[in-house]
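A.B. asks: 3D, please:
(chains A and B)
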Amino acid sequence: MGMITDSSTVSSGSAPQLAHPPTPVPRISDPLKAQVESFNFFYANGFQALHGINMPIADNQVTALIGPSGCGKSTLLRSFNRMHDLYSKNRYEGRIILLPENINLIGPELDPIEIRMRVSMVFQKPNPFPKSIYENVAFGLRVRGETNKRYIDERVEKALRGAALWDEVKDNLDKSGFALSGGQQQRLCIARALATDPEILLFDEPTAALDPISTAKIEDLVVELKKTVTIIIVTHNMQQAARIADYTAFMYLGQLVEFDQTNQIFTNPSNPMTEQYLTGRFG
Amino acid sequence: MSDVSNDKIVQLRSQIARRKRFDRIFSSIGGFLVVLSLLTLGVLFVNLVIDGWSALTSTYQAKADQSGFGRREIIGKLIQEGSEWKLQLRPLVLTDVDDATLQPLVGKEVGVKGRMARAPESGFDPSSVGPIEGPVENYDLVGTLTRQQMSVIDSQGKTVQTAVYTLKARPILVDVSGIDPSKLNPGQDVSVDPKRALSGGAVVASNIVPLVTKNFFNSFPSRDPEQAGILSAWVGTLLIMLVTMVISVPLGVAAGIYLEEYAPKNKLTALIEVNIANLAGVPSIIWGLLALGLFVYIIGTGRSIQTAGLTLGLLVLPIVIISTREAIRSIPSTIREASIGLGATKWQTVRYHILPYSLPGILTGSIIALSRAIGETAPLVTIGALTFIAFLPPPPVEYKVPEAEWAVYQEALKANPSAPIPEKQWHFQPTEWLKSGFTVLPIQLFQWVSRPQKEFHYNAAAAGVVLLALTLGLNGTAIYLRYRLRRKISW
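C.D. replies: Sure, this is the predicted structure:
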């Protein structure tokens, strides 16, 4: 899918070079939730972080974005809920279509707040608010103007159950979110994102700051969650991608090098660069 | 271990010792300077407190209606015996008396003829003191004498021993027939204004005014250093701080939030940022000039509390803005992203996260700004603060005779001494105090320091202690609030 300009450099083990040819849109048989089309992204300083990305996002599946640092995977992920709008002068080009309505997520005519109400995000470092566990989860409902106490109670419990945290915190809902361990904090952040019933859940390296046991819990959770929500996850950990993702995209230098079903990518990558990355020869 | 490695270790250690020398030198100089500055501060503070202590703690008695004492007024405690009212005088100091003639009379009952000098502190000027002969009514006062040996400094500066006689007089009879009975309270310290004297020291009272104990904090400035206080100064300071706070905190916090959260990051906002930082360093007298030109002359707010508050509010506005921005910047961007990522609007993010989490910093900055404003003198002198002020700003609600009716009454009084006193009414004047003239603690302090009398300098030291205590109190509050609020917030 991607193109390698000089295969000899690749085989010698140093960083391979990529040109910017238009990548064809990968075809998948699963029903789609979103579709990235000819997507370019420019930071405020003019740096182009993403070049012509074409990628499908399967409905109720886990899509993993992998690649070395600086390859643009987080940039792509944060485009899905317009996080880049927080910092002015960042620029999008192309389209990210949200299905089934067929609306362009990055269209300037669309209010980013509407997008964020449908596409939630969990960040790399657990970032609960310095408020109680209850208030952390209820915040998404409160900003929507929800005031019905009983309804909020129900949704908070459901979200905490959904994030496999309910049994651990049900007696301490008034405790500060910071009183929890790192792994619990991250699950709290997942519950917070779940409370508003998003259609897509974005994970930006959610286990990078966690120990192996907490990581395993989060991974189980992701697999569980895909029954109800479409998941896109950025990860540095290739084993993690292999364990939990249905589809995997390998990105490099702002380009999508290869996109396929996860077992296909890990067992039989079509692009030699993908194979080199997966076998640890660069990145 | 071989010799070679031993050499190496010796070399290493000497090298480390050489490098560590600078740590030693620096820490000893630094420690010395810290001790020195603490010592200086301590000496200054102790000195100030010692100088100001007498002024801070001394009290005196004054008439409750704030009129001065007349020449003939008599001070004492009212007592009731049956239907008669009497006045128990304070022990009276006899002045200009002959030690030789009085010494035999000590401890005995004596009769005194003479004249009451100006009350309450001054003495009794006797024309004669002697044993009682004939009817008691022939004497102005009857009582027992005590004698005390005291050393005083005479006009040549020499210390001489002298005898001081005090007379503990029997209560004198007061004819209260012309006095409003509600003014007669047994046991109360009062000043009696005698209409005329009767024989035996009895007087006919024309007026009786209760006395109150005054101190440094509830006295107006005065020509008499003993009675001078800081009432108008501390009230002025507090009211101006109130206006300053109301002006600078909401404006400064709003400006800080706007600049940090809403304003686009471009050249214009960068320019504004630089300017705000510069404004924080503008000499305060320049703000005074600005306020004089803008508020006093153009807008016409007068030389009043509102002008002073506005001036100091503008003066500390940059400090509030800067501390607000610093506090907001200390919130990790992940919190902002988490809130925005959940679909919150900018205002919801500010309202539920940015503002609560930056509150400790904002409060601290605002209080520090106020504690700077509290000590400002130059801009207030520029806009025309008063230096001698013996009144308080009008309270928001007052029960008094309307001024116009009072003037009419004063006119009517000239023609008819028994003109009816106009009735008091409730006055609602919630903003009148803003238009009042003012003085503040540092100005009062400066005024006292510039007086030649040493006693005023003690008053100045006392005012300095109060000002210092206010500033330390404010800063202490800031530290406490920051500690309390920060404890709940961590990232």
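A.B. asks: near chain B, which residues of the stretch 1-150 of chain A? Just list them.
C.D. replies: Residues of the stretch 1-150 of chain A found near chain B (Cβ under 8 Å from any Cβ of the partner chain) are A:81, A:83, A:86, A:88, A:113-114, A:116-117, A:120-121, A:123, A:125, A:127-130, A:139-140, A:142-144. All C-beta spots, glycine's among them, are computed from the backbone N, C-alpha and C.
A.B. asks: again, 7 Å this time
C.D. replies: A:81, A:83, A:86, A:88, A:113, A:116-117, A:120-121, A:123, A:125, A:127, A:129-130, A:139-140, A:143 (Cβ under 7 Å from any Cβ of the partner chain).
A.B. asks: where in chain B is pLDDT low?
C.D. replies: B:1-4, B:71, B:114-127, B:199-200, B:490-491 (pLDDT under 70).
A.B. asks: all helices in the stretch 351-491 of chain B, in order from the N-terminus.
C.D. replies: Applying DSSP state H, counting those that start in this stretch to the stretch 351-491 of chain B gives helices spanning B:355-373, B:378-383, B:403-415, B:441-449, B:454-486.
A.B. asks: also chain A?
C.D. replies: With DSSP state H as the criterion, chain A has helices at A:7-11, A:73-79, A:112-118, A:133-143, A:149-162, A:166-169, A:182-194, A:212-225, A:238-244, A:262-267, A:272-278.
A.B. asks: contact partners for the residue of the stretch 101-250 of chain B found nearest chain A?
C.D. replies: As assessed by Cβ to the nearest Cβ, chain A sits closest to B:V249 within the stretch 101-250 of chain B, at 23.0 Å. Neighbouring residues of B:V249 by Cβ atoms under 7 Å, 6 or more residues apart in numbering or on different chains: B:V320, B:S366.
A.B. asks: hang on, it is in a helix, isn't it?
C.D. replies: Yes: assessed by DSSP: H, G, I helix; E, B strand; the rest coil, B:V249 belongs to a helix.
A.B. asks: just send the helices of the stretch 351-491 of chain B back as JSON lines, with distance to chain A too.
C.D. replies: Shown next, in JSON lines, are these (distance: least, Cβ to the nearest Cβ, whole Å):
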{"stretch": "helix B:355-373", "distance to chain A": "6"}
{"stretch": "helix B:378-383", "distance to chain A": "39"}
{"stretch": "helix B:403-415", "distance to chain A": "53"}
{"stretch": "helix B:441-449", "distance to chain A": "39"}
{"stretch": "helix B:454-486", "distance to chain A": "10"}
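A.B. asks: adding distance to B:M241 and mean neighbour count, write the ones you listed out as TSV.
C.D. replies: Shown next, in TSV, are the helices of the stretch 351-491 of chain B (distance: least, Cβ to Cβ, whole Å; neighbours: other Cβ atoms under 10 Å in any protein chain shown):
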stretch	distance to B:M241	mean neighbour count
helix B:355-373	6	22
helix B:378-383	12	21
helix B:403-415	29	11
helix B:441-449	11	21
helix B:454-486	9	17
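A.B. asks: quote the end-to-end distance of stretch B:432-445.
C.D. replies: Counting by Cα to Cα, to the nearest Å, you get 26 Å between the two ends of stretch B:432-445.
A.B. asks: list the contacts of that stretch.
C.D. replies: By Cβ under 7 Å, 6+ apart, stretch B:432-445 touches B:221, B:230, B:232-234, B:236-237, B:239-240, B:302-306, B:308, B:375, B:377, B:380-381, B:385-387, B:389, B:393-394, B:396, B:460, B:463-464, B:466-467.
A.B. asks: ok, stretch A:71-87 next?
C.D. replies: Contact with stretch A:71-87 is made by A:41, A:44, A:49-50, A:53, A:65-67, A:90, A:92, A:96, A:105-106, A:112, A:115-116, A:119, A:121, A:200, A:202, A:204, A:232, A:234, A:251-254, B:337, B:340-341, as judged by Cβ under 7 Å, 6+ apart.
A.B. asks: packing partners for the helix ranked longest in chain B?
C.D. replies: For chain B, the longest helix by residue count, based on DSSP H, is helix B:3-57. Under the contact criterion of 3 or more Cβ pairs under 7 Å, 6 or more residues apart in numbering or on different chains; DSSP states H and E, helix B:3-57 touches helix B:454-486.
A.B. asks: please name the nearest non-neighbouring residue to residue 243.
C.D. replies: Looking at chain A here, since you left the chain open. A:E219 (6.1 Å; Cβ to Cβ, 6 or more residues apart in numbering or on different chains).
A.B. asks: look at chain B instead
C.D. replies: B:G309 (2.4 Å).
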